[in-house]
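In: quick one: sequence and predicted model below, then my questions.
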Amino acid sequence: MPDFFSTLPSAGTVTHGSATFDLPILYFRDDLFLLFFSADLAKLKALMPSDRLHPVRLSGSRGVVGIAAFNYIDTSIGPYGEVGVVVPSVYGDSPPLPVWPLLREGNLPGFGTLVLHLPVTKTIARDAGRGEWGYTKFVADMKFRNTPGHMQVALSEGSEHILTMRVAKKGLAKKDNKPLITYSVKDGRLIRTTIPQVGTFRFSLSPAGSFLKLGEHAVARSIRDLGLSAKPLMSRVFLDRSGILPAGVTIEEGVRPLEGYDGEDREGEHSVAYREGDA
């Protein structure tokens with residue numbers, strides 16, 4: 001069997017700001033956990049940079065927002081933390097209802113996630129992400145916790161709390177070899193990036209013991225303004241995962257900007273604990 005990390009050829013070395021790195025970026029091992037919430041569909045539509053990009057609809061006036069936390073343990077650019085606030089979306093024709101079962105199985109044509117916020121703990125990750133893909137990255141501080149019962153991240157910028165998310169390690173186990181697809185905007189171009197991944201996750205509908213707490217930081221307020229449901233629709237917590245991040249592909253020119261929050265020019269804090277503590 002060929003090595004997973006050799007499935008994409010090297011694309012050479014690139015430099016963006018403080019970041020000089022080889023493409024694709026290799027993610028040998030990380031901890032990933034996610035929660036999905038329903039949100040105000042009209043507000044999600046207003047964020048779309050293209051008229052051909054449509055937020056996934058649940059029913060009536062509700063769409064979906066996902067929040068994902070990555071503790072990158074071993075990568076080709078070193079360890080760091082990342083939190084993504086994304087809108088599951090479809091590029092092309094607006095999908096009919098219902099789509100939530102298709103979203104869970106990942107079989108919706110044109111499906112991907114529009115990245116709204118993508119804080120990271122290292123300037124090299126910020127500069128690489130903004131420079132190569134147009135990802136809305138800024139430097140923040142992250143405290144991860146990985147216990148037998150849950151995974152958790154506390155995200156802040158200095159003394160300003162952004163969010164705390166906990167995902168219980170519950171649910172059915174399932175292999176995931178489908179690529180992760182993201183949409184982002186760089187220099188007026190809509191970029192689609194297809195990220196091969198392999199792993200196994202547990203998923204649970206209406207997961208007990210999982211929660212999201214938002215602070216008063218500007219990014220937290222922007223998330224709260226999306227009208228998230230009080231309880232998550234679904235959780236995913238990966239038992240193991242590896243991925244490969246290649247260059248993206250321009251699929252549309254002349255789209256609206258999606259610049260996100262800039263933050264300060266500094267290095268962030270990144271810590272991991274393996275025992276219980278206060279939420």
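Out: Yes, it's here. Numbers count the residues shown, from 1 in each chain.

In: so, low pLDDT: which residues of the stretch 51-200 of the chain?
Out: Residues of the stretch 51-200 of the chain meeting the criterion pLDDT under 70: 95-107.

In: what sits against the closest residue to Pro257 other than its chain neighbours?
Out: Among residues not flanking Pro257 along the chain, Val185 sits closest, at 6.2 Å (Cβ to Cβ, 6 or more residues apart in numbering). In this view, the C-beta of every residue, glycine as well, is placed from N, C-alpha and C. Val185 sits next to Pro49, Gly134, Ile191, Val255, Arg256, Pro257, Leu258, Glu259 when contact means Cβ atoms under 8 Å, 6 or more residues apart in numbering.

In: distance of the residue lying closest to His16 once chain neighbours are set aside relative to Leu212?
Out: Excluding the flanking residues, the one nearest His16 by Cβ to Cβ, 6+ apart is Gly131, at 2.4 Å. Using Cβ to Cβ, to the nearest Å, we find Gly131 at a distance of 30 Å from Leu212.

In: can you check Thr113 too?
Out: 17 Å.

In: with Ser229 instead?
Out: Ser229 is 10 Å from Leu212, by Cβ to Cβ.

In: overlap of the contact sets of the two?
Out: Contacts common to Ser229 and Leu212, judged by Cβ under 8 Å, 6+ apart, are Phe37.

In: for this structure, which segments count as helices?
Out: With DSSP state H, the ranges of helices along the chain come out as 41-47, 100-105, 123-128, 218-224.

In: dump those helices to JSON lines, plus mean neighbour count.
Out: Listed next are these as JSON lines, based on neighbours: other Cβ atoms under 10 Å:
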{"stretch": "helix 41-47", "mean neighbour count": "16"}
{"stretch": "helix 100-105", "mean neighbour count": "15"}
{"stretch": "helix 123-128", "mean neighbour count": "23"}
{"stretch": "helix 218-224", "mean neighbour count": "17"}
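
In: any idea how far the nearest residue to Gly260 once chain neighbours are set aside is from Ser206?
Out: Excluding the flanking residues, the one nearest Gly260 by Cβ to Cβ, 6+ apart is Thr136, at 2.7 Å. With distances taken as Cβ to Cβ, Thr136 is found 29 Å from Ser206.

In: could you check which of these two is surrounded by more residues?
Out: Thr136 (23 against 10; other Cβ atoms under 10 Å).

In: how about that one, what does it touch?
Out: By Cβ under 8 Å, 6+ apart, Thr136 lies in contact with Val115, Leu116, His117, Leu118, Arg130, Ser184, Leu258, Glu259, Gly260, Tyr261.

In: buried ones among those?
Out: Neighbour-count burial (16 or more other Cβ atoms under 10 Å) is assigned, among those, to Val115, Leu116, His117, Leu118, Arg130, Ser184, Leu258, Gly260, Tyr261.

In: looking at those residues, which is nearest Val237?
Out: Leu118 (19.8 Å; Cβ to Cβ).

In: do you know how far that closest one is from Gly110?
Out: Applying Cβ to Cβ to Leu118 and Gly110 gives a distance of 21 Å.

In: again with Lys186
Out: From Lys186 to Gly110 the distance is 20 Å (Cβ to Cβ).

In: just Gly268 next, same as before
Out: For Gly268 relative to Gly110 (Cβ to Cβ), the value is 34 Å.

In: could you do Leu239 as well?
Out: For Leu239, the distance to Gly110 - Cβ to Cβ - is 29 Å.

In: look at these two and report which has more neighbours.
Out: Between Leu239 and Gly110, counting by other Cβ under 10 Å, Gly110 is the more crowded of the two (17 against 14).

In: is it true that the more buried one touches Ser94?
Out: No: with contact defined as Cβ atoms under 8 Å, Gly110 does not count as touching Ser94 (10.1 Å).
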